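Student: Next input, structure requested:
(chains A and B)
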Amino acid sequence: MSEVDPKDELVTHLPALRAFALSLTRNRATADDMMQDAVLKAWSNMDKFQPGTNMRAWLFTILRNNYYSSRRKLNREVADVDNAFSDTLAVKPDHDGRLQMMDFKNAFAQLADEHREALILVGASGFSYEDAAEMCGVATGTMKSRVNRARAKLTEILQLEDDEAMELTDTATMAVVGSPNLPS
Amino acid sequence: MTTENDPKQERIDRYIDQNLKKVFSDLEKDQMPDEIVDLLSVLRAQDKEMQADK
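Tutor: Numbering: from 1, shown residues only, chains lettered A, B, ... in the order given. From the prediction side, this is the model:
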């Protein structure tokens, strides 16, 4: 069996890495800067990557460390947001579905960095709590707590505890998320 | 406060995760910026040069 060149494998993770960068920074220019730094760093340190381990996790970790490190250097507590995240929607669902999705994105964009990051890693990217915790340099319990708090905050913002609201969002959401292309 | 086994909470969590996956999937479809494509070309060219020099 032929082994895949790690640099070829890196390229296959770039769409997910960019999605992570956009979700984290919510700014297209910052996300692209972070991507360039991460790709350059990963490429030049490929000998440090251990074959058989999770390259996507490794790349995400490089990118997030770069991001928080540059935020600290700039002494910038508040991210420079340009709505790159909430404006992006490649597939246009029906009107109601689109409005519901915009509501969801706007609510998601309101979460604290650490909560947004936790949900992206565990809820969207499918990393285990253990892997996500390692990537963020925190205990597994802390990661679980962040995911729970993030979900609770979204529930509050979107008023999902309200049965009627939930029924409405369910109908619209299924129109949006019922795509066969979605990762399971 | 709801518990992990609360069916309503499970439904809400499922709704949130489905939306997250949809949002993430949409972001993955965003076109790769030219800067990244160009950077990859430069890195690959550098690798080839280094291999040729060996």
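Student: Determine whether any part of the strand or helix carrying residue B:22 lies close to chain A.
Tutor: In the assignment (DSSP states H and E), residue B:22 maps to helix B:7-28. Yes - using CB under 8 Å from any CB of the partner chain, helix B:7-28 reaches chain A at B:8, B:11-13, B:15-28. Every residue, glycine included, has its C-beta placed from N, CA and C.
Student: Count the neighbours of residue A:139 for me.
Tutor: 13 (other CB atoms under 10 Å in any protein chain shown).
Student: Contact partners for it?
Tutor: The neighbourhood of residue A:139, defined by CB atoms under 8 Å, 6 or more residues apart in numbering or on different chains, consists of residue A:133.
Student: for the chain, what helix or strand is lowest in average pLDDT?
Tutor: By default, I'm working from chain A. helix A:163-177 (a mean of 51; mean pLDDT, DSSP states H and E).
Student: Spatially central residue in chain B, please.
Tutor: Residue closest to the average C-alpha location in chain B (CA atoms, centre = their mean): residue B:28, at 5.4 Å.
Student: Just give the closest residue to that one, not the sequence neighbours.
Tutor: residue A:15 (4.2 Å; CB to CB, 6 or more residues apart in numbering or on different chains).
Student: Any part of the one helix or strand residue B:35 maps to near chain A?
Tutor: Secondary-structure assignment from DSSP H and E places residue B:35 in helix B:34-53. Yes - using CB under 8 Å from any CB, helix B:34-53 comes into contact with chain A via B:35-36, B:39-40, B:43-44, B:47.
Student: Now list the buried members of these.
Tutor: Buried residues within the residues of helix B:34-53 next to chain A, counting neighbours by 16 or more other CB atoms under 10 Å in any protein chain shown: B:36, B:39-40, B:43.
Student: low-scoring stretches of chain B, by residue?
Tutor: Within chain B, the ranges that satisfy pLDDT under 70 run B:1-4.
Student: Quickly find the element holding residue A:42.
Tutor: With DSSP H and E as the criterion, residue A:42 is inside helix A:28-44.
Student: Tell me who's in contact with residue A:42.
Tutor: Residue A:42 touches A:10, A:49, A:58-59, A:62, counting by CB under 8 Å, 6+ apart.
Student: any idea how far it is from chain B?
Tutor: Going from residue A:42 to chain B by CB to the nearest CB, to the nearest Å gives 10 Å.
Student: burial of residue 46, as a residue count?
Tutor: Unless you meant another one, I'm taking chain A. Using other CB under 10 Å, residue A:46 is surrounded by 15 other residues.
Student: look at chain B instead
Tutor: 12.
Student: what residue lies at the spatial centre of chain A?
Tutor: Short answer for chain A (CA atoms, centre = their mean): residue A:120, at 3.5 Å.
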